[in-house]
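J.: how would this look folded up:
(one chain, ligands or ions: 1)
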Amino acid sequence: MALRLGDTAPDFTADTTQGTLSFHEWLGDSWGVLFSHPKDFTPVCTTELGRVAALKPEFDKRNVKVIGLSVDPVPSHVEWEKDIEETQGTAVNFPMIGDSDRKVSDLYDMVHPNANDTMTVRSVFIIGPDKKIKLSLTYPASTGRNFDEILRVIDSLQLTAQYKVATPVDWKNGDDVIIGGAVTNEEAQQLFPGGWTTVKPYLRVLAQPGK
Ligand code: BEZ
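T.: Residues are numbered from 1 along each chain as shown. Okay, the predicted model is just below:
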């Protein structure tokens, strides 16, 4: 069965471009992003991997470890990384899993045979420090992902893990937030003594806490 939000991210041991690792041990207390790409030496994937490498400081700032995967073997990843650095201007600075036996792809349901039965789709899993899946998304091979959006979601996940708030449409770090629906006004007075704006009884807006 496909993994669902709140499920424990399956643990595994895998060969990567940075050596063999055990996933949960490697994650430690960090957040994690596990993402698959369809195939090495392909154009969209090349741009994605370069972008993730360039964003590594942003992931580090948020205590997030990033790891890539495809069903190509590690030596192929290593060879391809030279092209990524040459064409995208950033060396790949995170591990990439060589999942030739599809062990990890099968655990995370990353091969969708009705789309393609030999390549992984573009999956993303965001995993919390509790090893639970906080977000999953699936893109087709022909559409490159937006990793700024992944960072935006991480900001929301980390904020809403800390405070009883939710983030509205198109929210960005620093924007106003919404008081969670399960929070009564009495509780909200304790939690947010600075107050809030009641647009509707179910839509209570306040400045982002902690900013
Ligand atoms: C790409 O990364 O460009 C790609 C990979 C597999 C199928 C189609 C496009």
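J.: Now do the strands in this structure.
T.: In the chain, the segments counted as strands under DSSP state E are 13-16, 19-22, 31-36, 64-70, 96-98, 122-127, 133-139, 165-166, 177-179, 197-200, 203-206.
J.: partner strands of the fourth one, parallel or antiparallel?
T.: The partner list of strand 64-70 in its sheet, established with DSSP bridges, is strand 31-36 (parallel), strand 96-98 (parallel).
J.: Make a markdown table out of the ones you listed and add distance to D176.
T.: Using the backbone N, CA and C atoms, a C-beta is placed for each residue, glycine as well. As requested, the strands paired with strand 64-70 are arranged in a markdown table below (distance: least, Cβ to Cβ, whole Å):
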| stretch | distance to D176 |
| --- | --- |
| strand 31-36 | 24 |
| strand 96-98 | 38 |
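J.: so which of these gets nearest the ligand?
T.: strand 31-36 (11.3 Å; Cβ to the nearest ligand atom).
J.: Return the residues in contact with the closest residue to Y139 other than its chain neighbours.
T.: Using Cβ to Cβ, 6 or more residues apart in numbering and skipping residues adjacent in sequence, the residue nearest Y139 is R122, 3.9 Å away. By Cβ atoms under 8 Å, 6 or more residues apart in numbering, R122 lies in contact with F35, S36, H37, P38, E48, T138, Y139, P140, A141, T143, G144, R145.
J.: Those, buried ones only, as a ChimeraX selection?
T.: The following ChimeraX line selects those of those that are buried, judged by 16 or more other Cβ atoms under 10 Å:
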select :35,36,37,38,48,139,141,144,145
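J.: what subset of the contacts of R122 is also close to the ligand?
T.: P38, A141 (Cβ under 6 Å from any ligand atom).
J.: possible to save the contacts of R122 as JSON lines with pLDDT?
T.: Rendered in JSON lines, the data for the contacts of R122 read as follows (pLDDT from 0 to 100):
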{"residue": "F35", "pLDDT": "98"}
{"residue": "S36", "pLDDT": "98"}
{"residue": "H37", "pLDDT": "96"}
{"residue": "P38", "pLDDT": "97"}
{"residue": "E48", "pLDDT": "98"}
{"residue": "T138", "pLDDT": "97"}
{"residue": "Y139", "pLDDT": "97"}
{"residue": "P140", "pLDDT": "96"}
{"residue": "A141", "pLDDT": "95"}
{"residue": "T143", "pLDDT": "97"}
{"residue": "G144", "pLDDT": "98"}
{"residue": "R145", "pLDDT": "98"}
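J.: The residue nearest to D109 when sequence neighbours are not counted: neighbouring residues, count only.
T.: Closest residue to D109 apart from its sequence neighbours, by Cβ to Cβ, 6+ apart: A2 at 4.9 Å. Neighbour count of A2, defined by other Cβ atoms under 10 Å: 8.
J.: ok, now G194?
T.: 7.
J.: what does T87 give?
T.: Neighbour count of T87, defined by other Cβ under 10 Å: 12.
J.: is it true that it touches G50?
T.: Yes: with contact defined as Cβ atoms under 8 Å, T87 reaches G50; the gap is 7.1 Å.
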